[in-house]
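Q: model the following, please.
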Amino acid sequence: MITNFFIPELNNHDVQELWFQQDGATCHTARATIDLLKDTFSDRLISRFGPVNWPPRSCDLTPIDYFLWGYVNSLVYADKPQTLDHLEDNICRVIADIRPQMLEKVIENWTSRLDYIRASRGSPMPEIIFKI
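A: Numbering: from 1, shown residues only. Have a look, this model is predicted:
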């Protein structure tokens with residue numbers, strides 16, 4: 001997927017300032033995968049075995065984990081899709097319906113999370129602090 005889809009798609013965009021972050025799953029940190037991502041992102045790779053190590057308690061710091069998956073999942077399955085085509089249509093619709101204002105709130109929350117983690121020197125977050 002990285003070789004056949006992701007990197008060719010990146011070639012259609014200016015990625016000089018783009019950072020890439022992934023979790024520490026074994027399949028994501030195989031030497032060949034890390035080498036390929038380092039070639040693409042240089043020192044802008046956040047990953048286990050990458051130039052920037054995967055941060056501790058990162059689910060508290062990654063909007064995809066603390067917001068997007070749950071939000072999309074709750075809407076995608078609301079009408080109980082019965083086919084893969086229906087599921088795919090729901091995913092595309094839900095993602096397309098995410099508005100910039102919602103993403104602005106997500107980023108505001110993300111900066112609050114970063115402030116909390118810095119102030120607590122990496123302690124886990126005591127409660128969910130995400131609000132839309």
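
Q: using the centroid of the chain, identify the residue furthest from it.
A: Among residues of the chain, the one most distant from the C-alpha centroid is Gln82; the distance is 27.1 Å, by Cα atoms, centre = their mean.

Q: what about the strands in the protein?
A: 20-21, 45-46 (DSSP state E).

Q: which one of those has the most crowded surroundings?
A: Mean neighbours per residue, mean count of other Cβ atoms under 10 Å, is largest over the strands of the chain for strand 45-46, with a mean of 19. Using the backbone N, CA and C atoms, a C-beta is placed for each residue, glycine as well.

Q: one step back: got a pLDDT number for the residue farthest from the centre of the chain?
A: pLDDT recorded at Gln82 is 96.

Q: out of the strands of the chain, which is closest to Leu10?
A: Taking Cβ to Cβ, strand 20-21 is the member of those nearest to Leu10, at 9.2 Å.

Q: what sits up against the closest one?
A: With Cβ atoms under 8 Å, 6 or more residues apart in numbering as the test, strand 20-21 has contacts from 37, 40-41, 44-47, 54, 62.

Q: go again with 10 Å.
A: Strand 20-21 has contacts (Cβ atoms under 10 Å, 6 or more residues apart in numbering) with 2, 6, 10, 37-38, 40-41, 44-47, 50, 52, 54-55, 58, 61-62, 64.

Q: now stretch 32-42
A: Here stretch 32-42 makes contact (Cβ under 10 Å, 6+ apart) with 2-3, 6-7, 10-11, 15-16, 18-22, 26-30, 44-52.

Q: are any of the residues you listed buried, and which?
A: Buried residues within the contacts of stretch 32-42, counting neighbours by 16 or more other Cβ atoms under 10 Å: 2, 20-22, 28-29, 44-47, 49-50.

Q: between those, which is nearest Arg121?
A: Nearest to Arg121 among those, with distances taken as Cβ to Cβ, is Ile46, at 19.6 Å.
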